[in-house]
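Q: Next input, structure requested:
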Amino acid sequence: MSTGTPLAEAPGLAAPAGQPALVREPGSLASFWRRLRARPSAVLGLAIVVLLVGVAAFADIVAPYDPTATDWGAVRAAPSLAHPFGGDEVGRDVLSRIIHGARASLGAGLVSVGLAVALGLPIGLLAGYAGGWIDALIMRLTDALLAIPFLILAIALAAFLGPSLTNAMLAIGLSATSTFVRLTRAQVRAVAAEEFVEAARSVGNPPWRIALVHILPNIVPAILVQATLTIAAAIIAEASLSFLGLGQQPPEPSWGAMLTVAKNFMDQAPWMAIWPGLSIFLAVLAFNLLGDGLRDALDPRQRT
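A: Got it, this is the predicted structure:
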């Protein structure tokens, strides 16, 4: 990612004693926030994400009822003042289960993508900077994994590991790792050809320092954007695994697991499917809008 900055102004490049350090001008956080605010869709996505995360974090306080408590007087009850989102097949409050289900869905998205980044980033960094047979071996394995559809691979891994939310997170994270390996490798190769990296080599920086200090910070924006977009895919994957019985297990709430039960009562109690489906839709939409906004705001061609 080139900024067009003269080498003599490029920061962080260690220079021999008695000579000025070669530095690279970092992007301004204020200008990034200004560019992000200029995109209403990104601000809307950020607001929804913050709201969902806040609801999930304080679910015990926000939820009006225990999400596993049953009330036989509210079995498939229509939305009312007592139960704004209605009741489910055993009288549990749907609103409370939606709120607590946000923990499973958002947690699965964040944890699984965090795992994918933690595995994919160093592997991609190694492949992109080392090159040669190491790069060829890693990329052939990555291409083989990318040839398998993401959701199919996640289902297969979850079925192998066994049904639980933790195993679903592992399956989703491992399935998404290849995406980050490929992206990181491409970004590393692009940044490694920049003049400021050549300058770092010329002043005697060892390869590990060049990779970690001069290349890695310049590929973080692309990784951040991809991570945000992948969280949306991970939420859908978790819902799909829970729908198939491979994710969150009853009676603990999950949006996907709620849809599994709701499909049997579409005629008698459609609200049982409407609210978890709408929650998944809003969460995925929010992360996609935020990811698109981050991509534009972090684009060096948009910097002023």
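Q: can I assume Arg251 is in contact with Thr68?
A: Wrong residue type there; residue 251 is Pro, not Arg. Yes. In this structure, Pro251 is within contact of Thr68 by CB atoms under 8 Å, at 4.7 Å. C-beta coordinates here come from the backbone N, C-alpha and C atoms, glycine included.
Q: Grab the nearest non-local neighbour of Leu224.
A: Leaving aside its sequence neighbours, Leu224 sits nearest to Leu294 (CB to CB, 6 or more residues apart in numbering; 6.4 Å).
Q: Am I right that that neighbour sits in a helix?
A: Yes. Judged by DSSP: H, G, I helix; E, B strand; the rest coil, Leu294 forms part of a helix.
Q: which residues does it contact?
A: Leu36, Ala42, Pro221, Leu224, Val225, Thr228 (CB atoms under 8 Å, 6 or more residues apart in numbering).
Q: Burial check on Arg185, number of neighbours?
A: 24 (other CB atoms under 10 Å).
Q: Ok, Ala186 next?
A: Number of residues near Ala186 (other CB under 10 Å) recorded here: 15.
Q: Give me the phi and psi for it.
A: Dihedral pair for Ala186: phi -60, psi -40, per degrees, to the nearest 10.
Q: Name the spans of this structure whose pLDDT lies under the cut-off.
A: Along the chain, segments meeting pLDDT under 70 span 1-28, 300-304.
Q: what about the helices in it?
A: Counting by DSSP state H, the chain has helices at residues 29-37, 40-57, 59-62, 94-130, 132-146, 150-161, 165-192, 195-202, 207-209, 216-243, 255-262, 271-297.
Q: quick one: contacts of the third one?
A: Helix 59-62 is contacted by residues Val55, Ile99, His100, Ala102, Arg103 when judged by CB under 8 Å, 6+ apart.
Q: For the helices of the chain, give me TSV that also has distance to Pro79.
A: As requested, these are exported to TSV (distance: least, CB to CB, whole Å):
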stretch	distance to Pro79
helix 29-37	36
helix 40-57	19
helix 59-62	18
helix 94-130	8
helix 132-146	44
helix 150-161	32
helix 165-192	28
helix 195-202	59
helix 207-209	59
helix 216-243	22
helix 255-262	14
helix 271-297	6
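Q: how about those, which one is nearest Gly73?
A: Counting by CB to CB, Gly73 lies closest to helix 94-130 out of those; the figure is 14.7 Å.
Q: Next, the buried residues of the closest one.
A: Going by neighbour count (16 or more other CB atoms under 10 Å), the buried part of helix 94-130 is 94-113, 115-117, 119-129.
Q: now do stretch 194-205
A: So stretch 194-205, judged by 16+ other CB under 10 Å, has buried residues Glu194, Phe196, Val197, Ala199, Ala200, Asn205.
Q: Give me the distance between the second one and Asn205.
A: In this structure, Phe196 lies at 11 Å from Asn205, with CB to CB, to the nearest Å as the measure.
Q: What is the nearest of the buried residues of stretch 194-205 to Phe243?
A: Glu194 (45.7 Å).
Q: Report the separation between that closest one and Ala59.
A: Relative to Ala59, Glu194 is positioned 46 Å away (CB to CB).
Q: What's the local residue count around Met139?
A: If we define neighbours as other CB under 10 Å, then Met139 has 18 of them.
Q: so it sits right up against Gly128, yeah?
A: No. Using CB under 8 Å, Met139 is not in contact with Gly128, being 9.6 Å away.
Q: Overlap of the contact sets of these two?
A: Arg185.
Q: List the contacts of the closest residue to Ala269 other than its chain neighbours.
A: Leaving out its chain neighbours, the residue that sits closest to Ala269 by CB to CB, 6+ apart is Arg76, at 4.1 Å. Residues near Arg76 by CB under 8 Å, 6+ apart: Gly86, Gly87, Asp88, Glu89, Phe265, Gln268, Ala269, Met272.
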